[in-house]
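Student: Pasting the sequence and the predicted model now:
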Amino acid sequence: MDETLRERLGGDDALADAAAVVLDRAESGDGTVAWADVSDAVPAEQWGRLLESELLVATDAGFVVDDPDAVRAAVGERDDAGDSGDSPTDADDADSGGWSTADKLAGVAALGLMASYQVPVARDTIGSTADIFLGPVEAALPFGATIALLAVATTLVSTTLRRRLMDGNPQKAAQERLQTVKERLDAARERGDDEAVERLQSRQQELMMEQLGAMKRMVRPMVYAMLVTIPVFLWITWLTVNPAAAITPAAQVLPIAGRVVWTAKLVGPLQVWTVWYIACSIVSGIASKRVAKKVGPAVADYRSAL
């Protein structure tokens, strides 16, 4: 074994992780690897270090690991040293697509809240309970302003949860890797490389499973957001039909629509307040994404400087 390589990877976790990913992706394909194959898991800085250290060598077909056996052995020793820290819970979470026990409980709660739409008793119970917290807001503001404020608040909550619980777009990254493997598989079939075809077909199946896991990770922040948005929506529904709050759906003058009541049907089965809520959510969602794009890099630079 190359002692220099072992020391280098043993003392540099970031480089060792990058080397392990590159080696795995290369061996699961036709032996070559490109930046597009690992960009979802390997930072650009580590990819550059792999090239500078000549662990990766450029060929006509792509990049290959210069000494796969030495890299595999060095990474294997490092993994063996860290195996004692793994726990059954971590393995279970990985097998479930990154969903912890808390995530699953949140999912069950979200399904229960959705089902309460069809159960008047449950809907009224949730609505009256939420009114304890939201009632003062509605009493202080016009009904239209209350709807707009809640739409903006729930959109911000959803956006924040998505940014914190989901790293980038795992679904898009999985699709790009799957497309790359498909192109390599077609090329291997054309040149009649049966061994490469077999490896690539196996890799294709693995990526399909990863794509399924990526879909589960994308649903995860949505589940937590539903724990906030559904009670708010149920409260507004309860408020518009509650006899004690009959003043709430009072007539309102809206652009184009003219003078209508909030409970009037404006578009198909959708009531005026529902369309107003959706419109406010869309506008606030677009605005929050633009703000995040401008503020995100500055926040990242600030954190890196600390």
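Tutor: Thanks, I have the structure now. Please read all numbers here as calculations on a predicted model, not as lab measurements. Numbers count the residues shown, from 1 in each chain.

Student: hey, let's count contacts and neighbours off CA atoms from now on
Tutor: OK.

Student: What is the subsequent helix or strand relative to the helix or strand hosting A145?
Tutor: Taking DSSP states H and E as the criterion, A145 maps to helix 143-165. Under the assignment DSSP H and E, the closest C-terminal helix or strand after helix 143-165 is helix 170-191.

Student: List of residues touching that next one?
Tutor: Helix 170-191 has contacts (CA atoms under 8 Å, 6 or more residues apart in numbering) with 29-30, 36-37, 40, 194, 196-197, 200-201, 203-204, 207-208, 210-211, 214-215, 217-218.

Student: Grab the nearest non-local neighbour of L51.
Tutor: Sequence neighbours aside, V57 is the residue nearest to L51 in space, at 7.0 Å (criterion: CA to CA, 6 or more residues apart in numbering).

Student: Just the helices from the stretch 201-306 of the chain, written as ranges.
Tutor: Per DSSP state H, counting those that start in this stretch, the stretch 201-306 of the chain carries helices over the ranges 272-305.

Student: mind showing which ranges of it have poor pLDDT?
Tutor: 242-260, 292, 295-306 (pLDDT under 70).

Student: before we move on, the earlier item: which secondary structure element is home to the residue nearest to L51?
Tutor: With DSSP H and E as criterion, V57 is part of strand 56-58.

Student: sorry, back to before: are any of the contacts of helix 170-191 buried, and if so which?
Tutor: 29-30, 37, 40, 196-197, 200-201, 203-204, 207, 210-211, 214-215, 217-218 (16 or more other CA atoms under 10 Å).

Student: ok, back up a step: and for the residue nearest to L51, the neighbour number?
Tutor: 16 (other CA atoms under 10 Å).

Student: Kindly report the same for the one 3 residues further on.
Tutor: Residue crowding around D60 was assessed by other CA under 10 Å; the count is 6.

Student: which residues touch it?
Tutor: Per CA under 8 Å, 6+ apart, neighbours of D60: none.

Student: Can you verify my assumption that D37 contacts R25?
Tutor: Yes. The pair D37 and R25 passes the contact test of CA atoms under 8 Å, sitting 7.1 Å apart.

Student: I236 versus the residue nearest to L51, what's the distance?
Tutor: Separation of V57 from I236 (CA to CA, to the nearest Å): 62 Å.

Student: Could you do A70 as well?
Tutor: 64 Å.

Student: and what of V228?
Tutor: 13 Å.

Student: Name the residue in those two with the higher neighbour count.
Tutor: I236 (24 against 15).

Student: distance of that one from G192?
Tutor: From I236 to G192 the distance is 64 Å (CA to CA).

Student: what's the answer for R72, then?
Tutor: Where G192 is concerned, R72 sits at a distance of 28 Å (CA to CA).

Student: One more: V181?
Tutor: Distance from V181 to G192, by CA to CA: 16 Å.

Student: Which one of those two is surrounded by more residues?
Tutor: Using other CA under 10 Å, the more surrounded residue of V181 and G192 is V181, with 21 against 11.

Student: domain ranges for the protein?
Tutor: Domain assignment for the chain, taken from automatic domain parsing, gives 1-83, 101-168+210-300.

Student: got TSV for those domains, with distance to L185 too?
Tutor: As requested, these are exported to TSV (distance: least, CA to CA, whole Å):
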stretch	distance to L185
domain 1-83	9
domain 101-168+210-300	18
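
Student: re earlier: helices and strands around the helix holding A145, which ones?
Tutor: Applying 3 or more CA pairs under 8 Å, 6 or more residues apart in numbering; DSSP states H and E, we find helix 143-165 packed against helix 194-241, helix 272-305.

Student: Just name the most buried of the ones you listed.
Tutor: helix 194-241 (a mean of 18; mean count of other CA atoms under 10 Å).

Student: Sweet, I'm off.
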